[in-house]
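Asker: mind folding the following:
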Amino acid sequence: MPDLVFRTLSLLRTAALAVLGTATASFAQSADTLPGDAFSLAPNQSVLLKIGRWDPLTESYTAWDTLGGEFVIGPDGILNLPVVGALDVNSRTTAEVSDEIVERVQQQLGLSGYMQAGVTIVDYGTYFVSGDVRAPGAYDYIPGMTVLQAIGQAGGLPGGSSLLMRGDRDAVYSMGRYRVLQLELFRRLATVARLSAELEDRDIVVPDELAEFPMGVQIIQQERQIMISRESAIDASLAQIAELETLLREQISRFDRQLELRDEQLDLLNEELSVAENLVNQGLSRADRLSGLERQVADQQVRRLELETARLNAEQDLNDAARDRLQLINSRELDLVEGLLQQRSAVERLRVEMETEAALYSEALDTGTGLIRSSVDGLPEFNITRVSGGSVEHIAADRDTFIRSGDVIEVVLAQDMGQGVISLGLEGPDAVGLESPTEQGTSDASIGDYGARTAEPAQNEGDEGPGIDQTEPLATE
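Answerer: Numbers count the residues shown, from 1 in each chain. Prediction:
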């Protein structure tokens, strides 16, 4: 009977050891064959160590709790254990580490027999997602995760309706502000060309910048219409003054003829008065006839004075008309000169503001996500940065690539244009390009064009503002 019990216990012990060995081998195999080394140990993971010894004499298992417990793998992949010491466990499976722990404990304590050690991962650590995702940051790692699953944890890729980040919003604002300033600059340059043409009495010479601008022809045509209207108004005013001068000269000429007739009448009356006085003195005529002739002479003298006064008034009006004509011409030239000075000053201010906006735009691109447009063309790119064996590896991945704990996944959205150039999809005369300072010289809107040209003039006389409202008159009246 005792032999039967002993044989039964021996069979149970053998079966238990076989099951334990099979489970350990199976566990080791699953750890090695899981895609991406899902159960491989990595820095910052937490592991639970259980170690013990099977005593075949007493047929009992003794757990060494003082040697086991929960431990954290260091950032360098080193696991520090009591008695065992430091183990480099990075990228190794739990089965491999368990076998080495058993060997080291046996060596340190001089033991032999059926020692068992089990290493279980209780915290798989974190992975990191950065770049063009909705919620970049650190997330808990789950064995067997792929890049697609990791991106899903981070909120997925930003879609067409995604909100832009602060830097992107600033970049869009700077882009719009830059284009407003650019359009205002072109309009002011066109006005300067028109003012110069009026001042020099010639046709408008189109500036080089406007010749290359899609709306340049339209803007110059508007300025020509303004120039024609202003010249027509000036010509009409001068024509009215000329007509008035002609009328006054004709009136003065008539007054001169009337004065000549009055003088002739006075000469006749004076002769008749002299004859009458001689007759009265000789007693040959009555005195009342002499009195009547004297009254006629006095009346003609009064009428002559009235004509002289009217003639003087006409000459004064003629002088006033000549003064008005000269004042009109001088005032026009003064307005043109003042307008040119104001517009040139405005152009300098606009160029400085455009340089500032271009610099702010470039800075906003650096601080933003690069998602300048609300829609993204092309497929995203995935790059994994992994620390392995004390070195850093950069891995080009796809959506089905398996990741490991501690990996840094960078998502880059492919676009059909570089980060330095922004396009709103405008076509025709409304298409205005904007480039960052790094793209100088490749577009009409480059910062190199507008920062270096400091001698060009401006538009909107008397208006020192940037002129965002393009419906206001741009001409100098």
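
Asker: all strands for this structure, in order.
Answerer: With DSSP state E, the ranges of strands along the chain come out as 46-55, 60-63, 69-72, 78-81, 85-88, 114-123, 126-131, 137-140, 381-388, 391-397, 408-412, 421-422, 434-435.

Asker: between those strands, which one is nearest to A310?
Answerer: strand 434-435 (70.6 Å; CB to CB). For every residue, glycine as well, the C-beta is placed using N, CA and C.

Asker: quick check: longest helix of this protein.
Answerer: helix 287-367 (DSSP state H).

Asker: would you pull up how far it lies from the middle of the chain?
Answerer: 47 Å (CA atoms, centre = their mean, to the nearest Å).

Asker: what helices and strands are in contact with that helix?
Answerer: helix 166-200, helix 216-282, strand 434-435, helix 447-452 (3 or more CB pairs under 8 Å, 6 or more residues apart in numbering; DSSP states H and E).

Asker: G77 - how many residues pack around it?
Answerer: 22 (other CB atoms under 10 Å).

Asker: give me phi/psi at the residue nearest to it when sequence neighbours are not counted?
Answerer: With CB to CB, 6 or more residues apart in numbering as the criterion, G77 has its nearest non-adjacent residue at 2.8 Å, and that residue is N90. N90 adopts backbone torsions of phi -60, psi 130, taken as degrees, to the nearest 10.

Asker: N90 reaches Q45, doesn't it?
Answerer: No - checked against CB atoms under 8 Å, the pair N90 and Q45 is beyond contact range at 9.9 Å.

Asker: what do those two both touch?
Answerer: Shared contacts of N90 and Q45, defined by CB atoms under 8 Å, 6 or more residues apart in numbering, comprise I73.

Asker: excluding sequence neighbours, find me the nearest residue to L109.
Answerer: V83 (7.0 Å).

Asker: highest mean neighbour count out of the helices and strands packed on helix 287-367?
Answerer: Burial among the helices and strands packed on helix 287-367, expressed as mean neighbours by mean count of other CB atoms under 10 Å, is greatest for strand 434-435, which shows a mean of 25.

Asker: how far away is the nearest residue to D170 once chain neighbours are set aside from V172?
Answerer: Spatial nearest neighbour of D170, chain neighbours left out: A364 (3.8 Å); criterion: CB to CB, 6+ apart. Applying CB to CB, to the nearest Å, the value for A364 to V172 is 8 Å.

Asker: with V352 instead?
Answerer: Where V172 is concerned, V352 sits at a distance of 22 Å (CB to CB).

Asker: ok, E264 next?
Answerer: Where V172 is concerned, E264 sits at a distance of 91 Å (CB to CB).

Asker: residues near T62, how many?
Answerer: 10.

Asker: can you pull up the bridge partners for it?
Answerer: Counting by DSSP bridges, T62 forms beta bridges with R53.

Asker: identify each buried residue in stretch 93-100, please.
Answerer: 93-98, 100 (16 or more other CB atoms under 10 Å).

Asker: ditto for stretch 386-406
Answerer: So stretch 386-406, judged by 16+ other CB under 10 Å, has buried residues 386-387, 397, 401-406.

Asker: how deep is the nearest residue to G390 once chain neighbours are set aside tucked in, by neighbour count?
Answerer: Sequence neighbours aside, D76 is the residue nearest to G390 in space, at 7.5 Å (criterion: CB to CB, 6+ apart). A total of 11 residues lie near D76 under the criterion other CB under 10 Å.

Asker: can you pull the pLDDT of D76?
Answerer: On the pLDDT scale, D76 is placed at 81.

Asker: thought it was touching P43?
Answerer: Yes - D76 is in contact with P43 according to CB under 8 Å; the separation is 6.8 Å.

Asker: could you tell me which residues touch both of the two?
Answerer: What both D76 and P43 touch, as defined by CB under 8 Å, 6+ apart, is the set N90.

Asker: please report how far the residue nearest to G390 lies from V387.
Answerer: 9 Å.

Asker: R311 touches S253, doesn't it?
Answerer: No - counting by CB under 8 Å, R311 stays clear of S253, with 9.6 Å between them.

Asker: can you tell me which of the buried residues of stretch 386-406 lies closest to L328?
Answerer: A397 (78.6 Å).

Asker: spatially nearest residue to the closest one (excluding sequence neighbours)?
Answerer: Nearest to A397 is F382, by CB to CB, 6+ apart, at 4.4 Å.

Asker: verify the contact between the one you found and R399 for me.
Answerer: Yes - under the criterion of CB under 8 Å, F382 makes contact with R399 at 7.0 Å.

Asker: what sits in contact with each of the two?
Answerer: Going by CB under 8 Å, 6+ apart, residues that sit against F382 and also against R399 are 147, 151.

Asker: hmm, back to that, restricted to helices, list the buried residues of stretch 93-100.
Answerer: Using DSSP H, those in helices are 94-98, 100.

Asker: what does the residue nearest to G390 show for phi and psi?
Answerer: phi -90, psi 10.

Asker: and it, how close does it get to S405?
Answerer: D76 is 15 Å from S405, by CB to CB.

Asker: now swap in T120 and tell me
Answerer: T120 is 15 Å from S405, by CB to CB.

Asker: again with Q327
Answerer: As judged by CB to CB, Q327 and S405 stand 88 Å apart.

Asker: care to break the chain down by domain?
Answerer: For the chain, the TED database gives the domain ranges 40-123, 129-157+380-412, 167-367.

Asker: on that earlier part again, want to throw the buried residues of stretch 386-406 into TSV with pLDDT and distance to Q258?
Answerer: TSV is the format used below for these (pLDDT from 0 to 100; distance: CB to CB, whole Å):
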residue	pLDDT	distance to Q258
R386	88	115
V387	80	116
A397	93	110
T401	93	113
F402	92	118
I403	92	114
R404	88	118
S405	86	119
G406	87	116
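
Asker: beta partners for the residue nearest to A397?
Answerer: A397, V411.

Asker: pLDDT wise, what is it at?
Answerer: 93.

Asker: check S291 too.
Answerer: 77.

Asker: okay, it and V297: tell me how far apart.
Answerer: Distance of S291 to V297, computed by CB to CB: 11 Å.

Asker: please apply the same query to L318.
Answerer: Distance from L318 to V297, by CB to CB: 32 Å.

Asker: give me the buried positions along stretch 116-136.
Answerer: 116-119, 121, 123-125, 127-133, 136.

Asker: what average pLDDT does that stretch get?
Answerer: Here the average pLDDT along stretch 116-136 is 89.

Asker: now the terminal residues of it, how far apart.
Answerer: 42 Å (CA to CA, to the nearest Å).

Asker: let's have the chain start at 55 instead
Answerer: Happy to do that; since the first residue is 55 now, the last one works out to stretch 170-190.

Asker: now do it: distance to the chain's middle.
Answerer: The answer for stretch 170-190 is 39 Å, by CA atoms, centre = their mean.

Asker: with stretch 157-173 instead?
Answerer: 68 Å.

Asker: can you tell me what sits against that stretch?
Answerer: So stretch 157-173 is contacted by 71, 74, 101-110, 115, 121, 137-139, 141, 148, 151-153, 155-156 (CB under 8 Å, 6+ apart).

Asker: can you tell me which of those residues are buried?
Answerer: Counted by 16+ other CB under 10 Å, the contacts of stretch 157-173 give 101, 103-108, 121, 138, 141, 148, 151-152, 155-156 as buried.
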